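Asker: What follows is a predicted structure for the sequence shown.
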Amino acid sequence: MSSGASKPLSELLIKWLEGDASALENLLPLVYDELRRLARYYLQSEREGHTLRIVELRFLAGLSIEATSKLLKLSPATVKRTWGTLACG
């Protein structure tokens, strides 16, 4: 995010923290756009579907490391390492 774009973001955040509910409506699209940009940047080096599939199966579906590794045809060590990186990072 450019420094010029961060000023409105900071102002909206302050207004929202002060109780201005309409500031949140303006803040969320800016935050989501930035999160999408960062996700695209970080996922460029990932094998297609690798990280997102682990998140979907472990967090959203609640599967174990073993079940996730079987479904994705990855070693349990790879799933555990990736999951640990995501949880701590």
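Answerer: Yep, that arrived. Bear in mind that the values here come from a model prediction, so they are computed numbers and not experimental data.
Asker: which helices and strands sit right next to the lengthiest helix in the chain?
Answerer: Looking across the chain with DSSP state H, the single longest helix is helix 21-43. On a contact count with 3 or more Cβ pairs under 8 Å, 6 or more residues apart in numbering; DSSP states H and E, helix 21-43 meets helix 3-17. For every residue, glycine as well, the C-beta is placed using N, CA and C.
Asker: circling back to that earlier point, next, the angle from the longest helix of the chain to helix 3-17.
Answerer: Orientation of helix 21-43 against helix 3-17 (axes from the mean of the first three to the mean of the last three Cα atoms, to 10 degrees) gives an angle of 130 degrees.
Asker: Can I get helix 21-43 in PDB, CA atoms only?
Answerer: Output of helix 21-43 as PDB, limited to C-alpha atoms (Å, rounded to 0.1, in the frame of the first residue of the first chain):
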ATOM      1  CA  ALA A  21     -20.100   2.700  12.100                       C
ATOM      2  CA  SER A  22     -20.100   4.100   8.600                       C
ATOM      3  CA  ALA A  23     -16.300   4.300   8.600                       C
ATOM      4  CA  LEU A  24     -16.200   0.500   8.800                       C
ATOM      5  CA  GLU A  25     -18.200   0.300   5.600                       C
ATOM      6  CA  ASN A  26     -15.600   2.400   3.800                       C
ATOM      7  CA  LEU A  27     -12.700   0.700   5.600                       C
ATOM      8  CA  LEU A  28     -13.400  -3.000   4.800                       C
ATOM      9  CA  PRO A  29     -13.100  -2.700   1.000                       C
ATOM     10  CA  LEU A  30      -9.700  -1.000   1.400                       C
ATOM     11  CA  VAL A  31      -8.500  -3.600   3.800                       C
ATOM     12  CA  TYR A  32      -9.800  -6.500   1.700                       C
ATOM     13  CA  ASP A  33      -8.200  -5.100  -1.500                       C
ATOM     14  CA  GLU A  34      -4.800  -4.900   0.300                       C
ATOM     15  CA  LEU A  35      -5.200  -8.400   1.700                       C
ATOM     16  CA  ARG A  36      -5.900  -9.700  -1.800                       C
ATOM     17  CA  ARG A  37      -2.900  -7.900  -3.200                       C
ATOM     18  CA  LEU A  38      -0.600  -9.400  -0.500                       C
ATOM     19  CA  ALA A  39      -2.100 -12.900  -0.900                       C
ATOM     20  CA  ARG A  40      -1.400 -12.800  -4.700                       C
ATOM     21  CA  TYR A  41       2.200 -11.700  -4.000                       C
ATOM     22  CA  TYR A  42       2.900 -14.400  -1.400                       C
ATOM     23  CA  LEU A  43       1.100 -17.200  -3.300                       C
END
